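Undergrad: give me a 3D structure for the following:
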Amino acid sequence: MTLTQLEHVLAAHREGSFSRAARACGITQAALSNSVAKLEEELGDRIFSRTTRQVALTPFGKRLVPHIEQVLEGRDALVGTAKAQQAPTTTVLGHSPLIPSAVLTQIVGAVRDAGFGTELRLIEENLSDLLQRLGEHTIDLALVPGGEYASAFRSTPVFEEALYYVPRRRLIIKTATVELTSLGADRFVMVPDRCGLARTTRALFASADVPLQTYEGEAMGYHVLQEWAALDLGSAILPRSRLSAKTRAIPLMRAPGIPATLTYRVVWHKEYRRGKQLAALLRAYRPDLA
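TA: Below you'll find the predicted structure:
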């Protein structure tokens, strides 16, 4: 018995004629008739009653047809599954410009090694744009600074780094660290609020109930914050990875002995079918900031 013989039986049943079934299968009528006859011989009974005008199922054939359909549907499902496994899949990962490139490389490698797609495509955008894309399902994952997200999103932390205080040029700081509560009278240069760093800075000051006084202009890059601090326009808050080598920076403390840190998280929409698998992968993952 072969799958081809089963296909011939089903074609003859559906077409009601050996000649039409042969044309549908792309073979001669004699070849199809011979294929069905061999199957009948093997099974020990006639599947069709033949007349000069049409063929019809025998009672034996009527009992066989549902099983033949089931076998062929199983074959089609098997082939479809195999093709799906071989077909290229793309995972789209959005990331904030704030993410250190070395860490991004490590996380991309971890996601790729875990088989989240034969192709991994990256998109760099600000936090607000990435969250909008997640809601629109135009990206699968977002690597962003930690914060508050909509209830439709799920997230897991992947790493954190220390925050530093970059004093404006005329300020003289004699301590090894700076406490957040001492910065209420200072003025700060900021990037736009759609950036994760601005949101983090505002949330940090709000959590300590410290007023945040800001410079009227907005910088378009993290290096610009350091340049503006050097021009005495205002002080800045930056993660360690974004500090230039010559920048005067002091570790920022939430409270005595408690460093201020920025947590980065991978965020996905709750409807993303591989979200739980991703979370399990990244909970144990800690990139090397060095």
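Undergrad: how about the strands in this structure?
TA: Applying DSSP state E to the chain gives strands spanning 48-50, 55-57, 90-95, 119-124, 141-145, 153-166, 178-179, 187-190, 213-218, 236-239, 250-255, 258-259, 261-269.
Undergrad: could you say what helices and strands the second one packs with?
TA: When you say that, I think you mean strand 55-57. Identification of packing neighbours for strand 55-57 by 3 or more C-beta pairs under 8 Å, 6 or more residues apart in numbering; DSSP states H and E yields strand 48-50. The C-beta positions use only the backbone N, C-alpha and C, and glycine is treated the same way.
Undergrad: in the strand it packs on, what counts as buried?
TA: The neighbour-count check on strand 48-50 (16 or more other C-beta atoms under 10 Å) flags residue 48 as buried.
Undergrad: what's it packed up against?
TA: Where contact means 3+ C-beta pairs under 8 Å, 6+ apart, strand 48-50 is packed against strand 55-57.
Undergrad: try it again with 10 Å
TA: If you count contacts as 3 or more C-beta pairs under 10 Å, 6 or more residues apart in numbering; DSSP states H and E, strand 48-50 packs onto helix 3-15, helix 29-43, strand 55-57, helix 59-86.
Undergrad: now residue 209: how far from residue 198?
TA: Counting by C-beta to C-beta, to the nearest Å, the gap from residue 209 to residue 198 is 19 Å.
Undergrad: neighbour-wise, which of those two wins?
TA: Using other C-beta atoms under 10 Å as the criterion, residue 209 and residue 198 rank with residue 198 on top: 21 against 9.
Undergrad: does the more buried one touch residue 192 like I think?
TA: Yes. Between residue 198 and residue 192 there is a contact at 6.3 Å, judged by C-beta atoms under 10 Å.
Undergrad: so what's in contact with the two at the same time?
TA: With contacts taken as C-beta atoms under 10 Å, 6 or more residues apart in numbering, residue 198 and residue 192 have 126, 218-219 as neighbours in common.
Undergrad: can you flag the buried ones in these?
TA: 126, 219.
Undergrad: how about the shared contacts of residue 198 and residue 192 in TSV, adding pLDDT and distance to residue 98?
TA: Converted to TSV, those look like this (pLDDT from 0 to 100; distance: C-beta to C-beta, whole Å):
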residue	pLDDT	distance to residue 98
126	89	9
218	92	15
219	91	13
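Undergrad: these two touch, right, residue 143 and residue 265?
TA: Yes. Between residue 143 and residue 265 there is a contact under C-beta under 10 Å: 7.7 Å.
Undergrad: so between these two, which is more surrounded?
TA: residue 143 (25 against 20).
Undergrad: contact partners for the more buried one?
TA: If a contact means C-beta under 10 Å, 6+ apart, then residue 143 has 93-96, 98-99, 103-104, 107-108, 111, 122, 124, 130, 158-159, 264-267, 282 as its contacts.
Undergrad: who does it bridge with?
TA: residue 95, residue 266 (DSSP bridges).
Undergrad: pLDDT score assigned to it?
TA: Note on residue 143: pLDDT of 89.
Undergrad: quick one on the thing from earlier: for the helices and strands packed on strand 48-50, which one ends up most surrounded?
TA: The highest average neighbour count among these, using mean count of other C-beta atoms under 10 Å, belongs to helix 3-15 at a mean of 19.
Undergrad: dihedrals phi and psi, residue 219?
TA: Dihedral angles of residue 219 (phi, psi; degrees, to the nearest 10) stand at phi -80, psi 150.
Undergrad: residue contacts, it?
TA: Counting by C-beta under 10 Å, 6+ apart, residue 219 makes contact with 189-192, 195, 198, 225-229, 233-234, 236.
Undergrad: show me the shaky parts of the stretch 1-150 of the chain.
TA: 52, 80, 83-88, 117-118 (pLDDT under 70).
Undergrad: got a list of what the spatially closest residue to residue 121 that is not a sequence neighbour touches?
TA: Leaving out its chain neighbours, the residue that sits closest to residue 121 by C-beta to C-beta, 6 or more residues apart in numbering is residue 92, at 4.9 Å. Applying C-beta under 10 Å, 6+ apart to residue 92 gives the contacts 117, 119-123, 133, 137-142.
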